[in-house]
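sequence plus the predicted model coming up.
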Amino acid sequence: MKSKRGSIKDKSMTKAITEIYLTRLLSVKGTLQQFVDDFFRSVLCSGAAVPPAVKYFFDFLDEQALRHENVDEETIHIWKTNSLPLRFWVNILKNPHFIFDVHVSEVVDASLSVIAQTFMDACTKTEHKLSRDSPSNKLLYAKEISTYKRMVDEYYKGIRQMVSVSDQEMNTHLAEVSREHTDKLNTQVALHQLYRYASKYYDGIIMSLDEDPAAQSKQLTLRLQQIAAALENKVTDL
């Protein structure tokens, strides 16, 4: 059993190590702060920098909220956050080697995880109450998090105020993207992945398409049934 004196000594050493650790963290944070701020400004910039697909999809989410009624702004915020910032940007932040030919060391990986967590926190509506016992990564950006949250809100607001992208404009944009990357992407693999998702929720998708006027006008139910019949010999009413 440790003596009381030994226990006090251990606590003092732990406190001293923690203070040194936090001091170094703050020093590194200060060095990187401009780059982190630049990242937030680049990602959360509405206007001409927003791809048509983002505007089109965010408008779709807003339309779905109106269609289903009683969907509050916080829920819409969560939909948009899950579909773009968390699914796309956080994934790249934590895995830069997905895009760049770089080796990510353990130290860099840990630093990127802290920034990614800060980005995730900025995209939530929940207010986290911090204390001295809170994780160091939460404490590091405690001062900036409110600013980052406002940036996210303004980003969503700015996209909502943009001129809508019509179906024709969206189709034209997708066609241009397709032409630009014809030799770079395996469309068969992409289509297979899309169909795997569709087949998993086949009945629900068919039901939703049957109830949607726009889908009815384009005969999307029939098209999906034909694809399913061709690929899996699904029983249809054809």
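Good, I have the coordinates.

got the phi and psi for residue 165?
Per-residue torsions, residue 165: phi -100, psi 120 (degrees, to the nearest 10).

how does the protein divide up, domain by domain?
Taking automatic domain parsing as the domain assignment, the ranges for the chain are 4-164, 186-238.

so can I have a markdown table of these showing mean pLDDT, mean neighbour count and distance to residue 177?
All C-beta spots, glycine's among them, are computed from the backbone N, C-alpha and C. Output for those, formatted as a markdown table (pLDDT from 0 to 100; neighbours: other CB atoms under 10 Å; distance: least, CB to CB, whole Å):
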| stretch | mean pLDDT | mean neighbour count | distance to residue 177 |
| --- | --- | --- | --- |
| domain 4-164 | 84 | 13 | 9 |
| domain 186-238 | 85 | 12 | 12 |
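
same list (those) but as a markdown table, adding distance to residue 171.
Putting these into a markdown table (distance: least, CB to CB, whole Å) gives the following:
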| stretch | distance to residue 171 |
| --- | --- |
| domain 4-164 | 10 |
| domain 186-238 | 11 |
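
which of those domains sits closest to residue 178?
Closest of these to residue 178 is domain 186-238, at 8.1 Å (criterion: CB to CB).

can you say which of the domains of the chain is nearest to residue 174?
Comparing those by their distance to residue 174 (CB to CB), the top pick is domain 4-164, with 7.7 Å.

any idea how far that closest one is from the chain center?
With CA atoms, centre = their mean, to the nearest Å as the basis, the distance from the averaged C-alpha position of domain 4-164 to the chain average is 10 Å.

give me phi/psi at the closest residue to residue 118 other than its chain neighbours?
Across the structure, with CB to CB, 6 or more residues apart in numbering as the measure, the residue nearest residue 118 apart from its sequence neighbours is residue 141 (4.6 Å). Dihedral angles of residue 141 (phi, psi; degrees, to the nearest 10) stand at phi -110, psi 30.

CA atoms only: put the helix or strand harbouring residue 110 into PDB for me.
When secondary structure is defined by DSSP states H and E, residue 110 falls within helix 106-122. Once non-C-alpha atoms are left out, helix 106-122 reads as follows in PDB (Å, rounded to 0.1, in the frame of the first residue of the first chain):
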ATOM      1  CA  GLU A 106       1.000   8.500 -35.800                       C
ATOM      2  CA  VAL A 107       1.700  12.100 -34.600                       C
ATOM      3  CA  VAL A 108       0.100  13.600 -37.700                       C
ATOM      4  CA  ASP A 109      -2.800  11.200 -37.500                       C
ATOM      5  CA  ALA A 110      -3.500  12.200 -33.900                       C
ATOM      6  CA  SER A 111      -3.400  15.900 -34.800                       C
ATOM      7  CA  LEU A 112      -5.800  15.400 -37.700                       C
ATOM      8  CA  SER A 113      -8.100  13.500 -35.400                       C
ATOM      9  CA  VAL A 114      -8.300  16.400 -33.000                       C
ATOM     10  CA  ILE A 115      -9.000  18.800 -35.900                       C
ATOM     11  CA  ALA A 116     -11.600  16.400 -37.300                       C
ATOM     12  CA  GLN A 117     -13.300  16.200 -33.900                       C
ATOM     13  CA  THR A 118     -13.400  20.000 -33.700                       C
ATOM     14  CA  PHE A 119     -15.000  20.100 -37.100                       C
ATOM     15  CA  MET A 120     -17.600  17.500 -36.000                       C
ATOM     16  CA  ASP A 121     -18.300  19.500 -32.900                       C
ATOM     17  CA  ALA A 122     -18.800  22.700 -34.900                       C
END
